[in-house]
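Student: Provide a 3D model corresponding to the input given below.
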Amino acid sequence: MIQDIAPSRLINVYSPRLPRNNDYILPFDENGKLYVGISEGKILFPMAEMIPAENAIYLFCLDDACFFLAPQDTQASIPGFSYRSMRELRDAAYGKELFASFTAYHLWRWYADNRFCGRCGKTNTPHAVERALTCTCCGNIVYPRINPAVIVGVVKGDCLLITRYRTGFAHNALVAGFTEIGETLEQTVEREVMEETGVKVKNIRYYKSQPWGIAQDILAGFYCEADGDGEIHMEEKELKYAQWVRREDIVLQPNDLSLTNDMMKNFRRGSWQTEE
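Tutor: Below is the predicted model:
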């Protein structure tokens, strides 16, 4: 999965400091595209010595490499570099640099969406000692938002409930959705499966989790079993496909980045009932 970067390690403890020449500066445009180069499937980030780094905000370190967020109006012109969307990077690159890009996007989105105080409307500024934004007027403090969501592998005998979205991602997927106010994760599993496919479930079991910066998510993967005959009544506004697929017929996604693909692969090899 995208976060499986061992022996490398993402160090997300906030450190309010200035960038050095060999630190990475990440410019995003107003649409969330990241200014990078790509070489042989690897993402190349601009260094502070290549572009202006004044007022850059510390993001995190990846091993010994530190990353900073460039101000919104940063101008850069580096041969071979261009602004690329997270979906473009997902299709073209791999490795720890891709995980760094997803995580940086998560933080960029939060900074971009919280420039002004939600309480009084005045300007927010970075907190002096922690990952937070502080209102210059009323003192309100906001912290990065992480959205909980579930990925659900619904099982019926030797079959897995496979879906495809009506728009967006074109490959096989599993039932998924965000946790609503007042819900447990298990209740989210029950509701989302029922809403998307009309299938009632039982024996819900947690599998593993994944940070997914594109949607500012923390994804929690669950397996469960169909309760009853498993007849599908698909929500056509969201899905264009929902079928029970035998394990040997499951077509995986084209890469190993997602928790969804990991869960489909796990079921296909017959190990979904036991921890690896």
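Student: how about the helices in the stretch 1-150 of the chain?
Tutor: Per DSSP state H, counting those that start in this stretch, the stretch 1-150 of the chain carries helices over the ranges 86-92, 96-113.
Student: what's the closest non-adjacent residue to R17?
Tutor: Nearest non-adjacent residue to R17, counting by CB to CB, 6 or more residues apart in numbering: Y58, 6.0 Å away. Heads up, the C-betas are built off the backbone N, CA and C, glycines and all.
Student: what's the answer for P52, then?
Tutor: Nearest to P52 is T74, by CB to CB, 6+ apart, at 6.1 Å.
Student: give me every residue that touches the one you found.
Tutor: Counting by CB atoms under 8 Å, 6 or more residues apart in numbering, T74 makes contact with I25, P27, I51, P52.
Student: apply 7 Å and report the result again.
Tutor: Contact analysis of T74 by CB atoms under 7 Å, 6 or more residues apart in numbering lists P27, I51, P52.
Student: Y94 versus the first one, what's the distance?
Tutor: Here P27 is placed at a distance of 22 Å from Y94 (CB to CB, to the nearest Å).
Student: higher neighbour count, the two?
Tutor: P27 (24 against 16; other CB atoms under 10 Å).
Student: close enough to count as contact, that one and Y35?
Tutor: Yes. The pair P27 / Y35 is scored as a contact, 4.3 Å apart, by CB atoms under 7 Å.
Student: picking that back up, deepest-packed of the helices of the stretch 1-150 of the chain, please.
Tutor: By mean neighbour count, with neighbours taken as mean count of other CB atoms under 10 Å, helix 96-113 ranks first of these at a mean of 20.
Student: from S101, how far off is the residue lying closest to S85 once chain neighbours are set aside?
Tutor: Spatial nearest neighbour of S85, chain neighbours left out: K33 (5.1 Å); criterion: CB to CB, 6+ apart. Here the criterion is CB to CB. By it, K33 lies 11 Å from S101.
Student: likewise A220?
Tutor: On the measure of CB to CB, A220 and S101 end up 23 Å apart.
Student: and what of H127?
Tutor: Distance from H127 to S101, by CB to CB: 24 Å.
Student: over to T125?
Tutor: Where S101 is concerned, T125 sits at a distance of 26 Å (CB to CB).
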